[in-house]
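> let's see this in three dimensions:
(2 chains)
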Amino acid sequence: MQIYNTLTRRKEDFLPRDPGKVSMYVCGPTTYNFIHMGNARAFVVFDTLRRYFLYKGYKVHYIQNFTDVDDKIINRAREEGEDPIRLAARYIDEFFRDMDALNALRADVHPKVSEHLEEIIGMVSLLIERGHAYVVDGDVYYSISSYKDYGKLSGRSLEDMQAGARVEVDTRKKHPMDFALWKTAKEGEPSWDSPWGSGRPGWHIECSAMSRKYLGDGFDIHGGGYDLIFPHHENEIAQSEAATGKPFARYWMHNGFITINQEKMSKSLGNFFLVREVLDKFAPETVRFFLLSAHYRSPLDFDDEKLASAGRGLERVKNCLRLLAEAARGAVRDKVSGADAELLALLDRRRQEFESALEDDFNTALAIGVLFDAVGDINSYFHSAGRDEGPCGEVVSGAMSLLEKFNSVLGFFRSGPGGKIMLDSGNGEEELAGGLIDLIIKIRQEARSKKDWATADSIRNGLKDLGIVLEDTPQGVRWKKQV
RNA sequence: GGCGACAUAGCCAAGUGGUAAGGCAGAGGACUGCAAAUCCUCCAUUCCCCAGUUCAAAUCUGGGUGUCGCCUCCA
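Below is the predicted model of the structure:
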């Protein structure tokens, strides 16, 4: 597999540190609010990458942190009169609600800053010992001048940064770009005891400390949004490599932004859409499909019309799944004809194309194209060969299994044991509704048999207004929920 | 100011040297009582512009133009 590595600015062959195993660390959210679509993109992209490694048979160790100690959390908590750690914990629950809806698998570990002070303090101490950090009035700063490779990820030099520094210069710092590893506690803030007094960690050190704890030195993939390259990831590298003397993450992957009217969606610009707002209007599979429909490094412009277009496209895939499910329920033929064998061979080729697409820097857009090609192949088959002689059992199960394989990576649809796709959640209420709809359809069929088209159409239109679409086919009547 | 990315049909989007995937929308046809779904056909002589390299360029080089991003919390 080839992966574009931000560190080297080119695609490289992906060779895991330990054969057969992949270690990944993805920067999670600062939990002071619900997550927005931009956050979701990063998490869905890396979830899908992880799923692809699993599909390929790798054992994946996937870590995603929560920043639950931070200025913004503290400020928010103050405004709402709530304990900061509790507020953060609440938004962690909300994070899971959103990401579960988007069918993202839980990480193996979701470490929190508030539970890793020991590791963080240990790493800060190590940096001081090694001369890469200094203490000023209870604050600890990382000295970027002490680390010769500072700037290697973002491609900037110390000189550039001095020239571009527009931030107020703290005269206690040795270099204007030196950053805080540890901050002295202010009144009313969460704080922990440390060798430098009571305080709390700076932002960047948590990822260095926690990734090391769970993945060790030189783990495989570190991911996050483009905006984390500088300073966050640059600083992580500086901290980790200076502290351990060993190379940090081997492959750095960064996803592009979600934009609104071509402008970056961000909390600070205020032009963001919360995941749950979007999920009120669009199905989760549509949202996930949309997020994967462009290459992960490209910007992705968001608006309702684009989501709607994505939803209509996904409907094609759903229709094909319904067709296959229906065929599997009906009578199938054992004998494998020439047309059957032809389709099976074609689908095997699609499987290979799907994999090559993802092997090339994780090109989900291309992989989705292959999915649509496969859907077209299957539909054509049912239109001709499968229809004339009845569907072949091997074809039906083979086609379904292919789409399930694709889905195990793309994760559009929820799946049960063995990756079986479940289009409807199937709770009791839905069963009841389904029974009622079947009954109404039966009554309508009686009207149709008497050529009472007025009644038949009135029933169909009435159901449509309720969001139930009927399809009269030679094989009988099908119904589904409207998109 | 420094650094970097991108520019492909009405819309979204893949494609890094060999003659433009896929989706949405649209047109025609098949099927249907009519629809829906599905199938078939059509829909960029051309990839922001101008030069250049090459037998061959959307793809490489140079120069423009435009848009966006990072340099400050941000996925």
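> which residue, other than its chain neighbours, is closest to whichever residue of the stretch 201-350 of chain A sits closest to RNA strand B?
For the stretch 201-350 of chain A and RNA strand B, the shortest gap (C-beta to the nearest atom of the strand) falls at residue A:225, measuring 1.9 Å. For every residue, glycine as well, the C-beta is placed using N, CA and C. Among residues not flanking residue A:225 along the chain, residue A:42 sits closest, at 4.9 Å (C-beta to C-beta, 6 or more residues apart in numbering).
> right, and residue A:423 touches residue A:321 too?
Yes. Using C-beta atoms under 8 Å, residue A:423 is in contact with residue A:321, at 6.3 Å.
> shared neighbours of the two, anything?
Among the neighbours of residue A:423, those also in contact with residue A:321 (C-beta atoms under 8 Å, 6 or more residues apart in numbering) are residue A:413.
> of those two, who's got more company?
residue A:321 (20 against 14; other C-beta atoms under 10 Å).
> sec struct for that one, please.
In three-state terms, and counting by DSSP: H, G, I helix; E, B strand; the rest coil, residue A:321 is helix.
> tell me the pLDDT at it?
pLDDT for residue A:321: 96.
> what's near enough to touch it?
So residue A:321 contacts A:400, A:403, A:413, A:421, A:423 (C-beta under 8 Å, 6+ apart).
> recalculate using a threshold of 7 Å.
A:403, A:421, A:423 (C-beta atoms under 7 Å, 6 or more residues apart in numbering).
> now the first one, nearest residue through space, not along the chain?
Computed as C-beta to C-beta, 6+ apart, the closest residue to residue A:403 that is not its neighbour in sequence is residue A:321, at 6.2 Å.
> for the one you found, give its distance to residue A:104.
Using C-beta to C-beta, to the nearest Å, residue A:321 is found at 21 Å from residue A:104.
> and for residue A:117?
From residue A:117 to residue A:104 the distance is 28 Å (C-beta to C-beta).
> run through who's touching stretch A:11-18.
By C-beta under 7 Å, 6+ apart, stretch A:11-18 touches A:1-5, A:22-23, A:218-220, A:250-251, A:361.
> swap in 10 Å and give it another go.
Defining contact as C-beta atoms under 10 Å, 6 or more residues apart in numbering, one finds that stretch A:11-18 is touched by A:1-5, A:22-23, A:53, A:58-61, A:215-221, A:249-251, A:359-362.
> from these, list just the buried residues.
A:1, A:3-5, A:22-23, A:53, A:58, A:60-61, A:215, A:217-221, A:249-251, A:359-362 (16 or more other C-beta atoms under 10 Å).
> low pLDDT regions in the stretch 301-450 of chain A?
Filtered on pLDDT under 70, the stretch 301-450 of chain A yields the residue ranges A:424-429.
> and the strands in it?
Remark: strands of the stretch 301-450 of chain A are absent; assignment by DSSP state E, counting those that start in this stretch.
> in it, which spans are helices?
A:304-329, A:338-359, A:364-383, A:385-388, A:393-410, A:428-449 (DSSP state H, counting those that start in this stretch).
> so which of these gets nearest residue A:468?
Smallest distance to residue A:468 across the helices of the stretch 301-450 of chain A (C-beta to C-beta): 6.0 Å, for helix A:428-449.
> okay, buried residues for the closest one please.
Buried, per 16+ other C-beta under 10 Å, within helix A:428-449: A:437, A:440-441, A:444, A:447-448.
> same thing with stretch A:391-405?
For stretch A:391-405, by 16+ other C-beta under 10 Å, it's A:391-396, A:398-404.
> what pLDDT, on average, does stretch A:56-65 get?
98.
> how about it as PDB, C-alpha atoms only?
C-alpha atoms of stretch A:56-65 as PDB (Å, rounded to 0.1, in the frame of the first residue of the first chain):
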ATOM      1  CA  LYS A  56      -6.500  -6.800   4.800                       C
ATOM      2  CA  GLY A  57      -6.100  -9.000   7.800                       C
ATOM      3  CA  TYR A  58      -3.800  -6.800   9.900                       C
ATOM      4  CA  LYS A  59      -4.200  -6.600  13.600                       C
ATOM      5  CA  VAL A  60      -4.800  -2.900  14.200                       C
ATOM      6  CA  HIS A  61      -4.100  -1.100  17.400                       C
ATOM      7  CA  TYR A  62      -6.000   2.200  17.200                       C
ATOM      8  CA  ILE A  63      -5.800   5.000  19.700                       C
ATOM      9  CA  GLN A  64      -7.800   8.200  19.700                       C
ATOM     10  CA  ASN A  65      -7.400  10.600  22.600                       C
END
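> may I see the buried residues of the one helix or strand residue A:276 maps to?
Per DSSP states H and E: residue A:276 is located in helix A:275-281. Going by neighbour count (16+ other C-beta under 10 Å), the buried part of helix A:275-281 is A:275, A:278-279.
> does any bit of that helix sit next to RNA strand B?
No. Against RNA strand B, helix A:275-281 shows no contacts by C-beta under 7 Å from any atom of the strand, the least distance being 11.6 Å.
> list of residues touching that helix?
Outside helix A:275-281, the residues within contact range by C-beta under 10 Å, 6+ apart are A:34-40, A:43-44, A:94-95, A:97-99, A:101-102, A:273-274, A:284, A:286-287, A:290, A:302, A:304, A:307-308, A:311.
> okay, the strand or helix carrying residue A:79 in CSV with CA atoms only?
Residue A:79 is part of helix A:71-80 when elements are defined by DSSP H and E. Backbone C-alpha positions of helix A:71-80 (Å, rounded to 0.1, in the frame of the first residue of the first chain) are rendered in CSV as follows:
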residue,chain,number,x,y,z
ASP,A,71,-8.5,26.5,28.2
LYS,A,72,-11.7,26.3,26.2
ILE,A,73,-13.2,23.7,28.4
ILE,A,74,-12.3,25.7,31.5
ASN,A,75,-13.9,28.8,30.0
ARG,A,76,-17.0,27.0,28.9
ALA,A,77,-17.3,25.4,32.3
ARG,A,78,-17.0,28.7,34.0
GLU,A,79,-19.7,30.2,31.9
GLU,A,80,-22.0,27.3,32.7
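> which secondary structure elements does that helix contact?
With contacts defined as 3 or more C-beta pairs under 10 Å, 6 or more residues apart in numbering; DSSP states H and E, the packing partners of helix A:71-80 are helix A:84-101.
> tell me which residues of the helix or strand following the helix it packs on come out buried.
Going down the chain from helix A:84-101, the next helix or strand is helix A:117-129, by DSSP H and E. Across helix A:117-129, burial judged by 16+ other C-beta under 10 Å covers A:117, A:119-121, A:123-128.
> mean confidence score for helix A:117-129?
Helix A:117-129 comes out at a mean pLDDT of 97.
> from the contact counts, what lies against that helix?
strand A:133-136, strand A:139-142, strand A:179-184, strand A:199-201, helix A:205-215, helix A:234-244.
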